[in-house]
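> build the 3D model from these lines:
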Amino acid sequence: MATNNTRVAIIAANGGMFDAYKVFNIATAAAASDKEVGIFFTFEGLNLIHKEAHKNLPLPEGKEHFQEGFEKANVPSISELLEMAQEMGVKMIGCQMTMDVMVSPQKG
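Numbers count the residues shown, from 1 in each chain. Sure, this is the predicted structure:
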């Protein structure tokens with residue numbers, strides 16, 4: 001069992017590309033340093049782990065050129081970072097309340 005100083009908790013509440021890089025860079029760096037890492041995804045942060053949404057996260061307005069910079073610098077994609085985090089044992093928890101609220105109403 002890890003002691004208190006070897007655990008890292010991250011809250012992901014925003015769903016943009018910069019937000020994803022912040023969350024997954026911290027998570028993978030901490031996991032690589034033998035920390036026990038958990039990420040709690042809530043509100044738009046759930047898009048970071050959504051099976052399709054994480055592939056098309058928005059960049060801040062006026063920052064579209066960063067995508068090309070990420071590619072030129074060989075920065076891993078969000079999909080790659082997500083996979084790395086999973087392989088490193090990062091615990092990912094989706095907020096059930098937010099998922100319940102975000103479900104679109106059924107037509108009936």
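> for the chain, which helix is longest?
helix 17-32 (DSSP state H).
> partners of the very next helix or strand once past that one, with directions?
Once helix 17-32 ends, the next helix or strand along the chain (criterion: DSSP states H and E) is strand 36-41. Here strand 36-41 is paired, per DSSP bridges, with strand 7-12 (parallel), strand 91-94 (parallel).
> in strand 36-41, what counts as buried?
Buried residues in strand 36-41, defined by neighbour count with 16 or more other CB atoms under 10 Å: 36-37, 39, 41. Yep, even glycine has a C-beta here, placed from its N, CA and C like the rest.
> now do stretch 80-100
For stretch 80-100, using 16+ other CB under 10 Å, the buried residues are 81-82, 84-85, 90, 92, 94-95, 98.
> from those, which ones fall inside helices?
Per DSSP H, the buried residues of stretch 80-100 map to helices at 81-82, 84-85, 98.
> which of those residues lies closest to H54?
L82 (6.3 Å; CB to CB).
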